[in-house]
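Engineer: Any chance you could fold what I've pasted below:
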Amino acid sequence: MSKKLGFIGCGNMGKAMIHGVLASGKAQASDILASAKTESSREKNAAELGIRLTADNKSVAEFADILFLAVKPQYYEEVIAEIKDTVSDDEIIVSIAPGKSLSWFDEMFGRSLKVIRTMPNTPAMVGEGMMGVCANERVSQEELDTVLDLCSGFSKAEMIDEKLMDVVTAVSGSSPAYVFMFIEAMADAAVAGGMPRSQAYTFAAQAVLGSAKMVLETGKHPGELKDMVCSPAGTTIQAVRVLEEKGMRSSVFEAMMKCLDISRKM
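Structural biologist: Now for the predicted structure:
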């Protein structure tokens, strides 16, 4: 029998997760119930996803075998206070919030439940997400495998120690924003050189996509791959020199460390 999936929250990330499990055949629309605050959001998501939506978080918690808390972190306490007496001991809670530890959920629910922490990222919206995962001792290996299989519909996932979850927030959770800025900057330069903007975005974005794929599929060190592009006395090595002089490495490092610091304080 297939598991019933509940999603409290159906914003960008919740919608991406639902779309992924449906598109991959990991679940059927009839197996999913989601909640959304506004009527317009419920109508829009019902039409786009073909699932049932409600304004009642408690009904989602009561329906689900696996309950995804897909709201923003600042709403977690409010949502948990609303559903904590409805969630059963056999239900699996899946969090996507940074900074909310496994022990924090015990405190908020007032008892120890089956909780899995995840940190997805927005590329899940196009089926190319990256997700860190950890779970408490109440979650069995079979239950964990079930959730990982569901998530594989929209994201790659790796099990990590909980102490590294804040690092995941910095290295993959927030980093798409840095990459988008990099693509935008490259496109701006291409436009300055005379290329139409829409074409500039295509060239810049595809270059980033292809470069990332080379890192993942060749197994080569990023520095080695960089050297493959940098011909002696060529154009690329001169561009790399400018990036080094302008502090690209240190800026990225400092940005990620700032993100990590904030995440640890949440």
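Engineer: where along the stretch 151-266 of the chain do the strands fall?
Structural biologist: Secondary structure of the stretch 151-266 of the chain (DSSP state E, counting those that start in this stretch): strands at 155-159.
Engineer: Okay, domains of the protein per the record?
Structural biologist: Domain assignment for the chain by automatic domain parsing gives 5-165, 173-265.
Engineer: Would you map the helices across this protein?
Structural biologist: 12-23, 39-49, 57-63, 76-83, 102-109, 141-151, 165-168, 175-192, 197-218, 222-229, 235-245, 248-265 (DSSP state H).
Engineer: looking at these, which is closest to Leu69?
Structural biologist: helix 76-83 (6.5 Å; Cβ to Cβ). For the C-beta atoms, the positions are set from N, CA and C on the backbone; glycine is no exception.
Engineer: Now do that closest one: which elements does it pack against?
Structural biologist: helix 57-63, strand 66-69, helix 102-109 (3 or more Cβ pairs under 8 Å, 6 or more residues apart in numbering; DSSP states H and E).
Engineer: Quick one: closest of those to Thr218.
Structural biologist: It is, among the helices and strands packed on helix 76-83 and with distance given as Cβ to Cβ, strand 66-69, at 34.6 Å.
Engineer: what pairs with that closest one, and is each one parallel or antiparallel?
Structural biologist: Sheet pairing for strand 66-69, assigned by DSSP bridges, gives strand 5-8 (parallel), strand 92-95 (parallel).
Engineer: What number of residues are in the vicinity of the closest residue to Met214 other than its chain neighbours?
Structural biologist: Nearest non-adjacent residue to Met214, counting by Cβ to Cβ, 6 or more residues apart in numbering: Leu225, 5.7 Å away. Per other Cβ atoms under 10 Å, the neighbour tally for Leu225 reads 13.
Engineer: do Asp161 as well
Structural biologist: Around Asp161 there are 9 residues (other Cβ under 10 Å).
Engineer: Next, the contact list for it, please.
Structural biologist: Cys134 (Cβ atoms under 8 Å, 6 or more residues apart in numbering).
Engineer: From Arg117, how far out is it?
Structural biologist: Here the distance between Asp161 and Arg117 works out to 11 Å (Cβ to Cβ, to the nearest Å).
Engineer: Give the residues shared as contacts by these two.
Structural biologist: Cys134.
Engineer: Let me see the confidence value for Met1.
Structural biologist: With respect to pLDDT, Met1 scores 44.
Engineer: cool, and the one 5 residues further on?
Structural biologist: Here the pLDDT value assigned to Gly6 is 98.
Engineer: can I assume Ile66 is in contact with Lys4?
Structural biologist: Yes: at 7.5 Å, Ile66 counts as touching Lys4 under the criterion of Cβ atoms under 8 Å.
Engineer: Have a look at the two and say which one is more surrounded.
Structural biologist: Shown here are Ile66 and Lys4; by other Cβ under 10 Å, Ile66 has more neighbours (21 against 17).
Engineer: got a list of what the more buried one touches?
Structural biologist: Here Ile66 is in contact with Lys3, Lys4, Leu5, Gly6, Glu91, Ile92, Val94, Thr146, Val147, Leu150 (Cβ under 8 Å, 6+ apart).
Engineer: Look up how far Asn12 lies from Lys4.
Structural biologist: In terms of Cβ to Cβ, Lys4 sits 23 Å off from Asn12.
Engineer: so how far is Gly173 from the closest residue in space to Val167 that isn't next to it in sequence?
Structural biologist: Excluding its sequence neighbours, the residue lying closest to Val167 (Cβ to Cβ, 6+ apart) is Leu260, at 6.2 Å. According to Cβ to Cβ, Leu260 and Gly173 sit 10 Å apart.
Engineer: same question, Ala61
Structural biologist: 25 Å.
Engineer: Repeat that for Lys37.
Structural biologist: From Lys37 over to Gly173 (counting by Cβ to Cβ), the distance is 24 Å.
Engineer: okay, those two: which has more neighbours?
Structural biologist: Gly173 (23 against 14).
Engineer: okay, the most far-flung residue of the chain relative to its centre: pLDDT?
Structural biologist: Distance from the centre of the chain peaks at Ala233, with 40.6 Å (Cα atoms, centre = their mean). pLDDT recorded at Ala233 is 93.
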